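Peer 1: sequence? don't have it. structure:
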């Protein structure tokens, strides 16, 4: 009951009842003020965006400049090779080392030759043979090469390489 | 042929869109907001200022207004402005209000007396409670809608209504006896 009376009383004395609202002049002025207060969108952000873009570009350039280049493959192993003399004359003139029978003292020295030296001498020809076999050309030229080794004991080893094959 | 898509053109288009939205909001809601401001504020000038300030806030932060709920946002802003003003000018406005009330009650016209009485009674309420009772009793808004508009719980609205009715009844109904 009291609520109804109170509502009635409030509506009778509603402060907005006697008012006509805003007049056209007030509306126009207020509208103009409100629309003039609208911010310029993102214009304030433009300098910030430009700075951010410049910083990103500088970072990218620095990264590209400091990036390591492509890894270079190691230089191929090169072994000195001497062009061989023609095969026929060599066959006709056998090496004096082979023809002369070794002295008994020399034979003993050869038999007692330390193993590490022999290993060392055997390792190099394999590499050379592999390199010869890996020639990029599909049809290797008929070229004869000789590789000569000499040991401190006086022994000479001559390898003849023909068409990718190694022969001692 | 389309205009070239420059930064200036994009900004101009964006600004134009914001301005159009604001103009639409102002045209649609300024009368209703002014009426509400008249009920919440002690005089017409203050109601005018409150409405303008609410729209200015909308203009400065257009992105803060959710699409489809602009009116509720404006009402909430208006009520918050009332609260700020109440806190800032609390004592002075209450003294001013009591003086003005005495002047208006001396007016012979009965309607003006009733308006002055109701306005004075409403002015005694805290701003949020005043907004709740005005929206519910004078604007006919259901409690749920009031809660949604002001961003508070419905139970809080009901509690404000109960308390406000009690306070207003003490002023308005006892004065008549």
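Peer 2: Arrived safely, thanks for sending. Worth saying up front: this structure is predicted, and the values here are computed from it rather than measured. Numbers count the residues shown, from 1 in each chain, chains lettered A, B, ... in the order given.
Peer 1: Need the nearest residue in space to residue B:79, chain neighbours excluded.
Peer 2: residue B:131 (4.3 Å; CB to CB, 6 or more residues apart in numbering or on different chains). For the C-beta atoms, the positions are set from N, CA and C on the backbone; glycine is no exception.
Peer 1: residues near residue B:54, how many?
Peer 2: Residue B:54 sits with 26 neighbouring residues when counted by other CB atoms under 10 Å in any protein chain shown.
Peer 1: With residue B:35 instead?
Peer 2: 22.
Peer 1: same question, the one 3 residues further on
Peer 2: Neighbour count for residue B:38, taken as other CB under 10 Å: 26.
Peer 1: check contacts around it.
Peer 2: For residue B:38, the contact set (CB atoms under 8 Å, 6 or more residues apart in numbering or on different chains) comprises A:15-16, A:19, B:44, B:47.
Peer 1: Of those, which pair is most distant in space?
Peer 2: A:16 and B:44 (10.1 Å; CB to CB).
Peer 1: and the gap between the residue nearest to residue B:142 when sequence neighbours are not counted and residue B:129?
Peer 2: Once flanking residues are discounted, residue B:142 sits nearest to residue B:136: 7.6 Å by CB to CB, 6+ apart. Shown here: residue B:136 relative to residue B:129, a distance of 11 Å by CB to CB, to the nearest Å.
Peer 1: likewise residue B:50?
Peer 2: Distance from residue B:50 to residue B:129, by CB to CB: 17 Å.
Peer 1: Show me which of the two is the more surrounded one.
Peer 2: Comparing residue B:50 with residue B:129 by other CB under 10 Å, the one with more neighbours is residue B:50, at 24 against 19.
Peer 1: Quick check: phi and psi on the more buried one?
Peer 2: The phi/psi pair for residue B:50 (degrees, to the nearest 10) reads phi -60, psi -40.
Peer 1: Residue in chain B with the shortest distance to chain A?
Peer 2: Taking CB to the nearest CB as the measure, chain B has residue B:118 as its residue closest to chain A, at 3.0 Å.
Peer 1: where does that residue land in three-state SS?
Peer 2: helix (DSSP: H, G, I helix; E, B strand; the rest coil).
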